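Peer 1: Okay, sequence plus prediction incoming.
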Amino acid sequence: MRLFQLILVGFGLFFIQVHIPVEAQIYYVYFKDKPLAEHPENDFHPKALERRERQGIDFPQENDLPLDSHYTATVTELVDSVRFQLRWLNAMTVKGNLEQMTKVSRLTFVTEVVPMEGFWGGAADYEQEERRNKSYENEFTTDLADGSFAGDMRKIDSVKMERLLVLQRNMIGLDILKKYKLNGSGVRIAIFDAGFAGVDVHRSFKYLRDNGQIVATKDFYENDSNVYHHGDHGTAVMSCLGGMYDERNLGAATGSEYLLARTEHGIWEKLKEEDCWLAAAQWADQMGADIISSSLGYGKKRYTYEDLDGETTLVTQAALTAHNKGILVVSSAGNTGTKKDFHVTAPGDGASVLTVGSSYPMLAYPMPYSSHGPNSKGILKPNVSGPGFVIAADKKGGFDFASGTSFACPSIAGLAACLKQLYPHYSNVDIRQTLQKISHLEPFYNYQLGYGIPQVQLLFEDLEKPKPGFEVTIHNDSAVVNFDQEVVIQDTADQRSGKPCFVHWRMQNGRLSTSQNFLIKKDQGLALPVTDSKGGKLYIWFDGNLWSSEDKKFLP
């Protein structure tokens, strides 16, 4: 329960509002001002200053300056412990009891004291989600024509591993990137996760260790430097960025440098994890990160859909600040697609964030669990998608199957690193727009795949557009769609689920009123309303061609 108080401060009639719960916990303590710093650049890695200069971003900005040392020392003496000094907020997070925080709130230089409360989820929710994702793995993999994935997905053999490895690498375009000598060299990537168990010894990262590419680590959750313990979620994620599987790479950014930050527990979703995320983003900025790859998400019972507006949540505000410092934030969309609260989670709701959805590895079609956009202000999310079922390193020193938008995110972050290598003067907006432009659905989009899966080949050459594999006939208010059977059979011979067809009804402001996905099989057609009940106009994407009911023709 919160206790709301008005406390008289100082000698004048100056009032501040303080929200203090009865039980001791963590608090945000906000200060009224900051002193000027003589040499703020001393707190920043040279790469951080180079990034600002390259992108034309002023340094220093006010939120680059350190906190007032007198303020922090005074508060430190009054509380049990200090968690973080947050120069971005001109605040610090501390742990203390009611009596201590009342004293802190009376300091003349303190403007507000706010408790950090609550957590959502837990082991039961986490395990239920893991079981759900595994059930989808079993369902779709039995549709592979060669049968190499049929049966129990937990029974890994070399045939399944090799088959998935080929699919995974092809979808990301790793051989094409290698041909053009792109590996993210010169780019520094910060990974935020729940632990990186085994990264310090796993053979998948030997190349990175031998070349000194893991440049710094920090455990923000437990205020330690050792991130090579606890969970292996971060281990799997990192392998999708810069890991190796024998002589072949699993991710696109084997040439990048890495900052590893543990920011959360991994099962219990506590509010203080967002505080860790903010502190880690501030650290990544100072350490010269070009990209933050965050396969983490905050939503569900903690926030309403209205809160996911790209502005409200602490972690999304932190992502926006990182963007304003020249860092590209890449975030997983979330794994809530089959749940009541199916929307993308924070910080993936941020307009400046490159949010990544999840696709099948053998078929450019959304995995059911992949969270849906848009954010609550109607901004398109996710932006693009990547393979959501992959081979990844595990903490035992081997490899395992892994499923979730958590693994699509680093795959796309690796592509972004290659783009930064190819176009070093591109802004983060340029990088995001380029990835969208080369994605397979563009100019079509939906709220599960965004613009689709990036096609790396389009960075280097124009691909010949196929002839339309369908025709549309208008009957009154309906569009009857007939598919070229030769085109459909080409796909269903290999993928028995069918060939993807995406449709949506688009409003004049670009927002989608309705969206549907189909897997077209032999002798199958569609009858769709030209205009839906909300006034949206019909768009149909199939086999690389887009038809619009507004233009009543195929679009170039």
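Peer 2: Structure's in. What do you need? Predicted model only: the values in this text are computed from it and were never measured. Numbering: from 1, shown residues only.
Peer 1: Only C-alpha atoms from now on, for both contacts and neighbour counts.
Peer 2: OK.
Peer 1: spatially speaking, which residue is in the middle of the protein?
Peer 2: Per C-alpha atoms, centre = their mean, the C-alpha nearest to the average position across the chain is that of Ser331, at 1.1 Å.
Peer 1: which SS class is it?
Peer 2: Put simply, Ser331 is strand when judged by DSSP: H, G, I helix; E, B strand; the rest coil.
Peer 1: what separates it from Gln490, distance-wise?
Peer 2: Going from Ser331 to Gln490 by C-alpha to C-alpha, to the nearest Å gives 35 Å.
Peer 1: Would you confirm that the residue nearest to the centre of the chain contacts Leu296?
Peer 2: Yes. Proximity of Ser331 to Leu296 meets the contact threshold set by C-alpha atoms under 8 Å, at 7.1 Å.
Peer 1: how near is the residue nearest to Asn223 when sequence neighbours are not counted to Leu354?
Peer 2: In this structure, Asn223 finds its nearest non-sequential neighbour in Arg83, 7.9 Å apart by C-alpha to C-alpha, 6 or more residues apart in numbering. Distance from Arg83 to Leu354, counting by C-alpha to C-alpha: 29 Å.
Peer 1: neighbour count winner among these two?
Peer 2: Counted by other C-alpha atoms under 10 Å, Arg83 and Leu354 do not tie: Leu354 has more neighbours, with 32 against 19.
Peer 1: What does that one show for phi and psi?
Peer 2: When read as degrees, to the nearest 10, the backbone of Leu354 gives phi -80, psi 100.
Peer 1: Dig out what it forms beta bridges with.
Peer 2: Note on Leu354: beta-bridge partners by DSSP bridges are Val330.
Peer 1: Quick check: it touching Leu328?
Peer 2: Yes. Shown here, Leu354 and Leu328 form a contact pair, counting by C-alpha under 8 Å, at 7.5 Å.
Peer 1: The residue nearest to Asn223 reaches Ala91, doesn't it?
Peer 2: No. Applying C-alpha under 8 Å as the test, Arg83 and Ala91 come out as separate, 11.0 Å apart.
Peer 1: and Trp283, which of the three is it?
Peer 2: helix.
Peer 1: Give the burial count for it, as a bare number.
Peer 2: Neighbourhood size, Trp283 [other C-alpha under 10 Å]: 18.
Peer 1: How about Glu486?
Peer 2: Neighbours of Glu486 under the rule other C-alpha under 10 Å: 10.
Peer 1: Kindly report the same for Gln457.
Peer 2: For Gln457, the neighbour count with other C-alpha under 10 Å is 13.
Peer 1: how about the nearest residue to it, chain neighbours excluded?
Peer 2: Ile176 (6.8 Å).
Peer 1: Roughly how far does the nearest residue to Met244 once chain neighbours are set aside sit from His230?
Peer 2: Excluding its sequence neighbours, the residue lying closest to Met244 (C-alpha to C-alpha, 6+ apart) is Ser204, at 4.6 Å. When C-alpha to C-alpha is applied, the distance between Ser204 and His230 equals 18 Å.
Peer 1: In terms of neighbours, single out the busier of the two.
Peer 2: More neighbours surround Ser204 than the other of Ser204 and His230, with 29 against 17 (other C-alpha under 10 Å).
Peer 1: how close does that one sit to Pro410?
Peer 2: 15 Å.
Peer 1: and if you look at Thr93?
Peer 2: 30 Å.
Peer 1: same thing with Phe342?
Peer 2: From Phe342 over to Pro410 the distance is 21 Å, taken as C-alpha to C-alpha.
Peer 1: Out of those two, name the residue with the larger neighbour count.
Peer 2: More neighbours surround Pro410 than the other of Phe342 and Pro410, with 32 against 19 (other C-alpha under 10 Å).
Peer 1: what's the closest non-adjacent residue to the more buried one?
Peer 2: Leu241 (5.3 Å).
Peer 1: The one you found should be in a helix, yeah?
Peer 2: Yes. With three-state DSSP as the criterion, Leu241 is part of a helix.
Peer 1: mind checking which helix or strand Ile412 is in?
Peer 2: Element membership of Ile412 [criterion: DSSP states H and E] is helix 405-422.
Peer 1: Quick check: which helices or strands does that helix pack against?
Peer 2: Packing contacts for helix 405-422, counted by 3 or more C-alpha pairs under 8 Å, 6 or more residues apart in numbering; DSSP states H and E, involve helix 158-172, helix 233-242, strand 291-294, strand 328-332, strand 354-359, strand 384-387, strand 389-393, helix 428-437.
Peer 1: And the longest one, what's buried?
Peer 2: Within helix 158-172, the residues that count as buried by 16 or more other C-alpha atoms under 10 Å are Lys160, Met161, Leu164, Leu165, Leu167, Gln168, Arg169, Asn170, Met171, Ile172.
Peer 1: which outside residues touch the next helix-or-strand element following it?
Peer 2: Downstream of helix 158-172, the next assigned helix or strand under DSSP H and E is helix 174-179. For helix 174-179, contacts defined as C-alpha atoms under 8 Å, 6 or more residues apart in numbering pick out Arg169, Asn183, Asn249, Gly251, Ala252, Cys418, Val456, Gln457.
Peer 1: So which bits of helix 174-179 are buried?
Peer 2: Those would be Leu174, Asp175, Ile176, Leu177, for helix 174-179 by 16+ other C-alpha under 10 Å.
Peer 1: Now pLDDT and distance to Ala392 too, for those, in CSV please.
Peer 2: Supplementary listing: these in CSV, determined by pLDDT from 0 to 100; distance: C-alpha to C-alpha, whole Å:
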residue, pLDDT, distance to Ala392
Leu174, 96, 15
Asp175, 96, 18
Ile176, 97, 21
Leu177, 97, 20
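Peer 1: Make JSON lines from the residues you listed and add distance to Phe502 to it.
Peer 2: Converted to JSON lines, these look like this (distance: C-alpha to C-alpha, whole Å):
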{"residue": "Leu174", "distance to Phe502": "26"}
{"residue": "Asp175", "distance to Phe502": "28"}
{"residue": "Ile176", "distance to Phe502": "27"}
{"residue": "Leu177", "distance to Phe502": "28"}
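Peer 1: what about stretch 366-386, average pLDDT?
Peer 2: Over the span of stretch 366-386, the pLDDT mean works out to 96.
Peer 1: how long is it from one end to the other?
Peer 2: 9 Å.
Peer 1: mind listing the helices for the stretch 1-150 of the chain?
Peer 2: Ranges of helices in the stretch 1-150 of the chain, per DSSP state H, counting those that start in this stretch, are 46-54, 69-78, 98-105, 123-141.
Peer 1: Kindly indicate whether Leu306 is helix, strand or coil.
Peer 2: Not Leu; residue 306 is Glu. helix.
Peer 1: What pLDDT is listed against Phe542?
Peer 2: 96.
Peer 1: show me what contacts it?
Peer 2: Pro468, Gly469, Phe470, Pro500, Cys501, Phe502.
Peer 1: and what of Ala417?
Peer 2: Counted by C-alpha under 8 Å, 6+ apart, Ala417 has contacts Asn183, Gly184, Ser185, Val187, Ile189, Ala252, Ala253, Ser256, Ile291.
Peer 1: What of Gly234?
Peer 2: Ile191, Phe192, Asp193, Ala194, Gly195, Phe196, Ala197.
Peer 1: tally of neighbours for the last one?
Peer 2: Ala197 sits with 23 neighbouring residues when counted by other C-alpha under 10 Å.
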